[in-house]
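**Q** please find the sequence and the predicted model below.
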Amino acid sequence: MEPSANKIESPSRIAWTAGIVGAVLLAAVAVILAGDVAFRLRSERTIERGRIELDRYATLLATELHRFDYLPDLLQNHPVVMDVLKQPGDPKRVDDANRYLQAVNDAAGTTTLYLLDLNGKAMAASNWNEPASFVGVDLSYRPYFARSLRDGSGRFYGIGTTSGTPGYYFATTLPRGKAPLGIGVVKVNLEGLQVRPSSAIGDVIVIDEQGVIVLASRPAWQYRTMTQLAPEALASLRDARQYENVELAPIGIKTEEAFGGEGAIISLPGGKPGEERSRFLAQEKKLDGSDWKIVILSELSDVKLYQRWAQVAAALLATSIVFFVLFVLQRRRAVRLQLAGREALARANVELEHQVAQRTQALVDTNQQLRDTQDELVHSAKLAAIGQLAAGVTHELNQPLAAIRTLSENADVLIERSQIDIARGNMRDITDLVDRLSGITAQLKQFARKSSVNLQRVPISRSIRNCMQIVAHRIKKAEVAVDIEIADENLCVHADAPRLEQVLINLLSNAIDATAGIEKPAVRIAASRAGDMVLISVQDNGVGLSEEVISHLFEPFFTTKEAGSGLGLGLAISTGIINQFGGTLTASGEAQRGAIFLIKLPLYRNEPDVRDV
């Protein structure tokens, strides 16, 4: 037995060593791949959030920059302005123009309004009576002056050489479209436009066409540069006196890795000497109608944390595999030793082994017969189950298949866009649809069916549940906490189910919209009995309703939403539907304290009714 055991032991050691080496290599590869995949997936989610924030900041900044575009037309249409442009030497006309520009500047909320003659000298200004008045100052060196004479208008950002305050300048020739008599200039102070770091992304900076940081969520970055400016660019800025008395030093950005055309991984120097450089995911967007850019620097700390956890999970999985491989190798070695011992014992007692073999064969035959019988029984049971399910499955799968196909097509598009997390969400939705969508689709079909009013017994609890299913996606997206309180599950009203649910969905949607921007949005739905009436209330903690709004709330085309968000017909239609049921719909609340909509409907008695919905 000993020589045989030694022969087995040698290849076993080789397999043991090979298994360990392979498992270690597998673990290392798994950890590296898991970390890389996790970093990419988390970074793509960060890029998506950054894209949304870029659009939001771009809209905000564009709105601020174009808020005063109407002022040139206002200036050229006023006779006081045109008179002083025609006769700049008349002191009375200059005084009238100064006072008019001062009044317009105060009303519009701009920093300064002033008029330049064709030589670039200020002839009238809104700050005429201030120590830093522009009147008489030669501003021909400003680029907006030359651009206006050349192109009819010009825009420029810089630090005021007279006032010392930064501003955004809008300049246009007056009158517009004709031979110019002068130039009207509007100065807007952008310091009031707060650019704060976002908890969802990180820092925000706005840079001009030269790469100078104009606005930043970190004050220390303002008037720094993204890169080292060329001598020609510095000379141009000096000639225009754009950033006078400011040292335009670079902030030390270093691009470490391009990221799929959507941004780049960059690093910035630490806040203290010797501190490690901070890494960010940088995304930028050009501002429409301008050479400015908005740059968002997203923190990578959560991405790194996600990557580390993925690597830990991969390491644990790989370790489990290593131990499994070791167990298998040890088990195989033990089995081989046992087989060698049995072989030696069999040679010593051939007759006994023959008898054991016969009995073993008999047992094997018996076990095989039992297995064959068991397989036949299982097969018969499967056939019976398939027969019972066939008719039901054929009917139940017709409706969900359409939705499953749509989600599958969307998932294909999302995968092409590398939005893997959202695609995985679609796949989970498909799984949920297999279990739930048939009932939801049937309810949606009933809700959308165009039919005449059919008053019958309508259970309140079921109508509320159906409505919640329909608006569930909006509730989840808006992160609204919904509290449902039904005093009696058997509470029923005399109404038309689809139309009642139409009203409830409208009230729920309005409540969700009203809680937008609230820190902890919440909606409460309650139903109770009051005598022969049933009370259904929808309450939110949103912006509330003033007395003026309540007095017009149920009028057609009246809405408190932004333009394009609704026609103002929802509550008017809802009131008509509730009136058809013999009930009422009222609203109450106070500004900034939420709103309550109350439906009163006749109670349905519990006598038998063949039209029960």
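**A** That came through fine. Residues are numbered from 1 along each chain as shown.
**Q** helices or strands up against the helix or strand hosting residue 322?
**A** In the assignment (DSSP states H and E), residue 322 maps to helix 301-348. Judged by 3 or more Cβ pairs under 8 Å, 6 or more residues apart in numbering; DSSP states H and E, helix 301-348 is in contact with helix 2-65. (Glycine included, C-beta is placed from N, CA and C.)
**Q** what's downstream of the helix it packs on, the next helix or strand?
**A** helix 71-76.
**Q** using PDB, write down the CA coordinates of that next one.
**A** Below are the C-alpha coordinates for helix 71-76, written out as PDB (Å, rounded to 0.1, in the frame of the first residue of the first chain):
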ATOM      1  CA  LEU A  71     -32.600  98.300 -21.700                       C
ATOM      2  CA  PRO A  72     -31.000  99.400 -25.000                       C
ATOM      3  CA  ASP A  73     -34.400  99.500 -26.700                       C
ATOM      4  CA  LEU A  74     -35.700 101.500 -23.700                       C
ATOM      5  CA  LEU A  75     -32.900 104.000 -24.000                       C
ATOM      6  CA  GLN A  76     -33.200 104.600 -27.700                       C
END
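**Q** any weak-confidence spans in the stretch 401-550 of the chain?
**A** Residues of the stretch 401-550 of the chain that meet the criterion pLDDT under 70 lie in 401-403, 429, 432-453.
**Q** dump stretch 88-102 to CSV, keeping only the CA atoms.
**A** C-alpha atoms of stretch 88-102 as CSV (Å, rounded to 0.1, in the frame of the first residue of the first chain):
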residue,chain,number,x,y,z
PRO,A,88,-24.0,116.5,-26.0
GLY,A,89,-22.8,120.1,-25.2
ASP,A,90,-26.2,121.3,-23.8
PRO,A,91,-25.8,121.2,-20.0
LYS,A,92,-29.6,120.9,-19.4
ARG,A,93,-29.9,118.0,-21.8
VAL,A,94,-27.0,116.3,-20.0
ASP,A,95,-28.6,116.9,-16.6
ASP,A,96,-31.9,115.5,-17.8
ALA,A,97,-30.1,112.4,-19.3
ASN,A,98,-28.2,111.9,-16.0
ARG,A,99,-31.4,111.9,-13.9
TYR,A,100,-33.2,109.7,-16.4
LEU,A,101,-30.4,107.1,-16.4
GLN,A,102,-30.3,107.3,-12.6
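**Q** buried ones in it?
**A** 88, 93-94, 96-98, 100-102 (16 or more other Cβ atoms under 10 Å).
**Q** residues touching that stretch, excluding its own?
**A** With contacts defined as Cβ atoms under 8 Å, 6 or more residues apart in numbering, stretch 88-102 is touched by 78, 80-81, 83-84, 87, 113-115, 117, 123-129, 135, 182.
**Q** among these, name the buried ones.
**A** Taking 16+ other Cβ under 10 Å as the criterion, what is buried in the contacts of stretch 88-102 is 80-81, 83-84, 113-115, 117, 123-128, 135, 182.
**Q** tell me the two of those that are most distant?
**A** 83 and 127 (20.4 Å; Cβ to Cβ).
**Q** ok but residue 238 is inside a helix, no?
**A** Yes: counting by DSSP: H, G, I helix; E, B strand; the rest coil, residue 238 is located in a helix.
**Q** name the nearest of the buried ones among the contacts of stretch 88-102 relative to residue 285.
**A** The closest of the buried ones among the contacts of stretch 88-102, once distances to residue 285 are taken by Cβ to Cβ, is residue 113, at 30.8 Å.
**Q** in the sheet, who's paired with the closest one?
**A** residue 186 (DSSP bridges).
**Q** try residue 254
**A** residue 267.
**Q** surely it touches residue 278?
**A** No: with contacts counted by Cβ atoms under 8 Å, residue 254 stays clear of residue 278, the gap being 10.8 Å.
**Q** more neighbours, the two?
**A** Taking neighbours as other Cβ atoms under 10 Å, residue 254 and residue 278 compare with residue 278 leading, 16 against 11.
**Q** among the buried ones among the contacts of stretch 88-102, which lie within helices?
**A** 80-81, 83-84 (DSSP state H).
**Q** and which of those is nearest residue 174?
**A** The closest of these, once distances to residue 174 are taken by Cβ to Cβ, is residue 81, at 6.9 Å.
**Q** what's the closest non-adjacent residue to the closest one?
**A** residue 75 (4.8 Å; Cβ to Cβ, 6 or more residues apart in numbering).
**Q** now stretch 206-223: how far from the chain's centre is it?
**A** 26 Å (Cα atoms, centre = their mean, to the nearest Å).
**Q** buried residues in it?
**A** Quick answer for stretch 206-223 (16+ other Cβ under 10 Å): 206-208, 210-218, 221-223.
**Q** got the contact list for residue 191?
**A** Counted by Cβ under 8 Å, 6+ apart, residue 191 has contacts 165-166.
**Q** wait, isn't residue 494 in contact with residue 580?
**A** No: using Cβ under 8 Å, residue 494 makes no contact with residue 580, being 11.1 Å away.
**Q** for the two, indicate the residue with more neighbours.
**A** Each of residue 494 and residue 580 has its neighbours counted (other Cβ under 10 Å); residue 494 has more, 17 against 13.
**Q** run through the bridge partners of the more buried one.
**A** Going by DSSP bridges, residue 494 forms beta bridges with residue 457.
**Q** quick check: the gap between it and residue 533.
**A** Distance, residue 494 to residue 533, using Cβ to Cβ, to the nearest Å: 11 Å.
**Q** what do you get for residue 417?
**A** With Cβ to Cβ as the criterion, residue 417 and residue 533 are 53 Å apart.
**Q** so which of the two has more stuff around it?
**A** residue 533 (16 against 12).
**Q** and the closest residue to that one other than its chain neighbours, what element?
**A** Excluding the flanking residues, the one nearest residue 533 by Cβ to Cβ, 6+ apart is residue 600, at 5.1 Å. Element membership for residue 600 (DSSP H and E) is strand 595-602.
**Q** within its sheet, name the partner strands of that strand and how each one runs.
**A** Assessed with DSSP bridges, strand 595-602 is paired to strand 533-540 (antiparallel), strand 584-589 (antiparallel).
**Q** lowest-pLDDT helix or strand in the protein?
**A** Least confident helix or strand, the chain: helix 350-396 with a mean of 56, by mean pLDDT, DSSP states H and E.
**Q** doesn't residue 282 belong to a strand?
**A** Yes: counting by three-state DSSP, residue 282 is located in a strand.
**Q** start at 56 instead
**A** Sure thing, new numbering starts at 56, so read that last one as residue 337.
**Q** helix, strand or coil for residue 213?
**A** strand.
**Q** burial measure for the nearest residue to it once chain neighbours are set aside, as a count.
**A** The spatially closest residue to residue 213, leaving aside those adjacent along the chain, is residue 297, at 3.9 Å (Cβ to Cβ, 6+ apart). Using other Cβ under 10 Å, residue 297 has 21 neighbouring residues.
**Q** go on, residue 204?
**A** Applying other Cβ under 10 Å, we find 17 residues neighbouring residue 204.
**Q** for residue 161, see how far away it is.
**A** In terms of Cβ to Cβ, residue 204 sits 29 Å off from residue 161.
**Q** then residue 601?
**A** For residue 601, the distance to residue 161 - Cβ to Cβ - is 29 Å.
**Q** what do you get for residue 379?
**A** 79 Å.
**Q** list the contacts for the most far-flung residue of the chain relative to its centre?
**A** For the chain, the C-alpha farthest from the mean C-alpha position belongs to residue 406; by Cα atoms, centre = their mean, that distance is 79.6 Å. Remark: with contacts taken as Cβ under 8 Å, 6+ apart, residue 406 is in contact with nothing.
**Q** just residue 478 next, same as before
**A** With Cβ under 8 Å, 6+ apart, residue 478 has these contacts: 465-466, 469-470.
**Q** now these in a markdown table, with distance to residue 556 and secondary structure?
**A** Below are the contacts of residue 478 laid out as a markdown table (distance: Cβ to Cβ, whole Å; DSSP: H, G, I helix; E, B strand; the rest coil):
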| residue | distance to residue 556 | secondary structure |
| --- | --- | --- |
| 465 | 27 | helix |
| 466 | 30 | helix |
| 469 | 32 | helix |
| 470 | 36 | helix |
